[in-house]
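Colleague: this is a predicted model, with the sequence first.
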Amino acid sequence: MGTVLQEILTGLIVSAIGSGAAGLWLHRRRLRLLLPALRPGRRMRVSAAVLLRVQDDGGYVLFHSPRRPGSYGPPGGVAKYAAGARPALERLGFHEEPRNRPDMRHDLRGFVPSRALAGFARWWAKGEGRESAAECLRRELDEELAEVGHPDHGVDLSTVDFVAVRTVLDGPHRVPGQSYRQVRLMEVCDLDPASPGAAGLRQRLLDFAEDPADEGIIRVSADDVEYGRRDACYIQPQSAYLFGARRLNADLPILR
């Protein structure tokens, strides 16, 4: 009888350990957000963004970045929070990163205490009190097309919609020369082919990318992204999220 009970107890323990290990593996991304809470005095830099994937024949469309001259990355950028979200963000201890440009006000880019990192990620995932992926991409496309020389792109962006491809948790990573660590939350989207303006926008972007005289928009291969450059053009590391969930290269410094 004792042997039978021992076997049962051993089986239960092994099963519990196995289930716990499986749970840890399934939720390993969330654990990365909980671990910083073990050091409550540390602050974390956070940003939450939406990226657009436009691909054709194995290539990906990238835009030139005026804040990182000579480099290119996916269309899209940091989402904005609504005024009504301020109480919730204040409860999380979120402090918006100071910016001199008015168009960067209310960006979801700033700092939270390490204990609030997981809470910030949950708030972002709910999608409340902030731009939707579509709202963010429409605004960013309009701004970025103007920045790369195409303010009159001829597409009614209000008729373009998007479909989610993946969500990405990047970090926490050390930031060279800084005392804080950094976490990026990202949504990667495709154009929704069912939306009226999607085909027209896609073709316009591909045409710009194929024009050798157009230095604002290029098309690169996955190999280019993995290498980190194409000819004289640097490729920003977030471009790797267009085809995977892992960054391959280090950040490029921005202009202050």
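Modeller: In hand now; what should we look at? Residues are numbered from 1 along each chain as shown.
Colleague: run the chain-centre distance for the longest strand seen in the chain.
Modeller: Secondary structure of the chain read by DSSP state E shows that its longest strand is strand 162-174. Offset of strand 162-174 from its chain centre (Cα atoms, centre = their mean, to the nearest Å): 5 Å.
Colleague: next: stretch 67-82.
Modeller: 10 Å.
Colleague: end-to-end on it?
Modeller: 25 Å (Cα to Cα, to the nearest Å).
Colleague: cool, stretch 191-206 as well?
Modeller: First residue to last in stretch 191-206 (Cα to Cα) measures 13 Å.
Colleague: list the buried ones in it?
Modeller: Within stretch 191-206, the residues that count as buried by 16 or more other Cβ atoms under 10 Å are 191, 195, 197, 198, 201, 202, 204, 205, 206. Where you see a C-beta, it was placed from the backbone N, CA and C, and this is true even at glycine.
Colleague: do the same with stretch 127-136
Modeller: Those would be 129, 130, 131, 133, 134, 136, for stretch 127-136 by 16+ other Cβ under 10 Å.
Colleague: same for the helix or strand encompassing residue 120, what does it pack against?
Modeller: Element membership of residue 120, judged by DSSP states H and E, is helix 117-126. Packing contacts for helix 117-126, counted by 3 or more Cβ pairs under 8 Å, 6 or more residues apart in numbering; DSSP states H and E, involve helix 28-34, strand 43-53, strand 162-174, strand 181-191.
Colleague: give the rounded mean pLDDT of the shortest one.
Modeller: Taken as a whole, helix 28-34 has an average pLDDT of 53.
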